[in-house]
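>>> Pasting a predicted model and its sequence here:
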Amino acid sequence: QVQLVESGGGLVQAGGSRRLSCTGSGVAFSGVHMAWYRQTPGKQRELVATITKDNLPNYGDSVKGRFTISRDGAQNWLYLQMNNLEPEDTATYYCNVVIKRSGTLIPSKYWGQGTRVSVSS
């Protein structure tokens, strides 16, 4: 059974930084593709960043140049460093073990409970 737990959310002022963390059990982070998603009530879930099992990152257009995804595979941690935060980044952030289908990374059924980030203007 895969379990994921996110942490690090909170209230931050616009322009500030925050680092989100995700740890888990039942899966070795070093051997899988992973991702961060975010969701705001009433909106579709948005892909924030992915990292392949070969540690190649990719980012959504809205966060490119501001966010960095990384992992410590040995310790089973996934991170999202968020810099220059904007009020539009306010959301609940989720980590996910993603699956490659036809060359595209898609979310699996394995979600954590999420961690809430609120950015004030």
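Good, I have the coordinates. This one's a predicted model, so the numbers in the text were calculated from it and none came from an experiment. Residues are numbered from 1 along each chain as shown.
>>> Centroid-nearest residue for the protein?
What sits nearest the mean C-alpha location of the chain, by C-alpha atoms, centre = their mean, is Trp36, with 2.1 Å.
>>> Quickly list what that residue is bridged to.
Ala49, Cys95 (DSSP bridges).
>>> How about the contacts made by it?
Contacts were defined as C-beta atoms under 8 Å, 6 or more residues apart in numbering; by that measure Trp36 touches Leu20, Cys22, Val48, Ala49, Thr50, Ile69, Leu78, Leu80, Tyr93, Tyr94, Cys95, Asn96. (Each C-beta comes from the backbone N, C-alpha and C, glycine too.)
>>> What about the residues you listed, which one has the most neighbours?
Ranked by neighbour count under the definition other C-beta atoms under 10 Å, these are headed by Cys95 with 30 neighbours.
>>> Does that one touch Val32 like I think?
No. The pair Cys95 and Val32 does not pass the contact test of C-beta atoms under 8 Å, sitting 11.2 Å apart.
>>> Assess the claim that Asp31 and Asp54 are in contact.
Quick fix: residue 31 is Gly, not Asp. No. With contacts counted by C-beta under 8 Å, Gly31 stays clear of Asp54, the gap being 10.5 Å.
>>> what's the neighbour count on the closest residue to Gly31 other than its chain neighbours?
Of all residues not flanking Gly31 in the chain, Lys53 sits nearest, at 5.8 Å (C-beta to C-beta, 6 or more residues apart in numbering). Using other C-beta under 10 Å as the criterion, Lys53 is surrounded by 15 other residues.
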